[in-house]
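Q: Give me the fold of what follows.
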Amino acid sequence: MGLLRIMMPPKLQLLAVVAFAVAMLFLENQIQKLEESRSKLERAIARHEVREIEQRHTMDGPRQDATLDEEEDMVIIYNRVPKTASTSFTNIAYDLCAKNKYHVLHINTTKNNPVMSLQDQVRFVKNITSWKEMKPGFYHGHVSYLDFAKFGVKKKPIYINVIRDPIERLVSYYYFLRFGDDYRPGLRRRKQGDKKTFDECVAEGGLWIKPSIT
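A: Just a heads-up that it's a prediction; the model follows:
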């Protein structure tokens, strides 16, 4: 028994394909517009929530805010770049915080993802803005830059960072993947057990590292 086939004239087939493509483009366009509208709405809600926090603290504690000078109201964010001696630099901040009367706080993101979700951005901005008890504050973590101005915050934190010679950073990351560090000695690294030196690996043209270490 043969298969039943519905044959369409070539022109109708072409029209059907074009109609389908146009419909798909239209749907993609509508989805994109909806996503943009949702993003704008979320950002508007975030700005509104941050303004509410600022206004509430202004109304509830004007005397306390008035006593905060520029140094006492300061917030510094150290968004650490991997393999640039960021651990050693952060340890200095911890060593000096009690003597110099400031607070050190670690930014710990979900699954160590440097990019926060919009909800986490809102919560983070709220905490930075309203947590007067933790000012002056030094925040550190492997996180991307966040523009506080887009949330309507007037008093923006100061961002700082440390950079390193790219080749030295590459070599440091090479051995880090094999030997780790003293802070988590029990954690098994991806290249653990590989005793090959950096020079030997380069000479052999080995595939030893992921494309980006940022």
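Q: if you average pLDDT over stretch 118-135, what comes out?
A: Regarding stretch 118-135, the rounded mean pLDDT is 89.
Q: and that stretch, how far from the chain's centre?
A: Averaging C-alpha positions (Cα atoms, centre = their mean, to the nearest Å) puts stretch 118-135 15 Å from its chain's average.
Q: Repeat that for stretch 162-174.
A: For stretch 162-174, the separation from the chain centroid amounts to 21 Å (computed by Cα atoms, centre = their mean).
Q: CA atoms of that stretch as CSV?
A: Provided in CSV are the C-alpha atoms of stretch 162-174 (Å, rounded to 0.1, in the frame of the first residue of the first chain):
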residue,chain,number,x,y,z
VAL,A,162,43.5,45.7,41.1
ILE,A,163,45.0,44.7,37.7
ARG,A,164,48.0,42.5,36.9
ASP,A,165,50.3,41.8,34.0
PRO,A,166,48.3,39.5,31.7
ILE,A,167,51.1,36.9,31.3
GLU,A,168,51.7,36.7,35.0
ARG,A,169,47.9,36.3,35.5
LEU,A,170,47.8,33.5,32.9
VAL,A,171,50.7,31.6,34.5
SER,A,172,49.1,32.0,38.0
TYR,A,173,45.8,30.6,36.7
TYR,A,174,47.6,27.7,35.0
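Q: Distance check, Glu133 against Gly152.
A: Distance, Glu133 to Gly152, using Cβ to Cβ, to the nearest Å: 22 Å. Heads up, the C-betas are built off the backbone N, CA and C, glycines and all.
Q: Just list what the helix or strand that contains Ala93 packs against, helices and strands only.
A: Assigned by DSSP states H and E, Ala93 belongs to helix 86-100. Applying 3 or more Cβ pairs under 8 Å, 6 or more residues apart in numbering; DSSP states H and E, one finds that helix 86-100 contacts strand 75-79, strand 103-106, strand 137-141.
Q: Between the ones you listed, which one is closest to Glu28.
A: When the helices and strands packed on helix 86-100 are compared by Cβ to Cβ, strand 75-79 sits nearest Glu28, at 34.4 Å.
Q: could you say what helices and strands that closest one packs with?
A: helix 86-100, strand 137-141, strand 158-160.
Q: ok, and for stretch 123-133, which residues are buried?
A: Neighbour counts over stretch 123-133 (16 or more other Cβ atoms under 10 Å) mark Phe124, Val125, Lys126, Ile128, Thr129 as buried.
Q: Now the second one. Nearest residue, chain neighbours left out?
A: Going back to what we said before, that points to Val125. Phe151 (4.9 Å; Cβ to Cβ, 6 or more residues apart in numbering).
Q: any idea of the mean pLDDT for stretch 12-31?
A: 83.
Q: CA atoms of it as PDB?
A: Taking Å, rounded to 0.1, in the frame of the first residue of the first chain, the C-alpha atoms of stretch 12-31 are listed here in PDB:
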ATOM      1  CA  LEU A  12       1.800  27.500  -3.300                       C
ATOM      2  CA  GLN A  13       4.700  25.700  -1.600                       C
ATOM      3  CA  LEU A  14       6.800  28.900  -1.900                       C
ATOM      4  CA  LEU A  15       4.000  31.000  -0.600                       C
ATOM      5  CA  ALA A  16       3.500  28.700   2.300                       C
ATOM      6  CA  VAL A  17       7.200  28.900   3.200                       C
ATOM      7  CA  VAL A  18       7.200  32.700   3.000                       C
ATOM      8  CA  ALA A  19       4.000  32.900   5.100                       C
ATOM      9  CA  PHE A  20       5.500  30.700   7.700                       C
ATOM     10  CA  ALA A  21       8.800  32.700   7.800                       C
ATOM     11  CA  VAL A  22       6.800  36.000   8.100                       C
ATOM     12  CA  ALA A  23       4.700  34.600  10.900                       C
ATOM     13  CA  MET A  24       7.800  33.400  12.800                       C
ATOM     14  CA  LEU A  25       9.500  36.800  12.400                       C
ATOM     15  CA  PHE A  26       6.300  38.500  13.600                       C
ATOM     16  CA  LEU A  27       6.200  36.300  16.700                       C
ATOM     17  CA  GLU A  28       9.900  36.800  17.500                       C
ATOM     18  CA  ASN A  29       9.300  40.600  17.200                       C
ATOM     19  CA  GLN A  30       6.400  40.500  19.500                       C
ATOM     20  CA  ILE A  31       8.300  38.300  22.000                       C
END
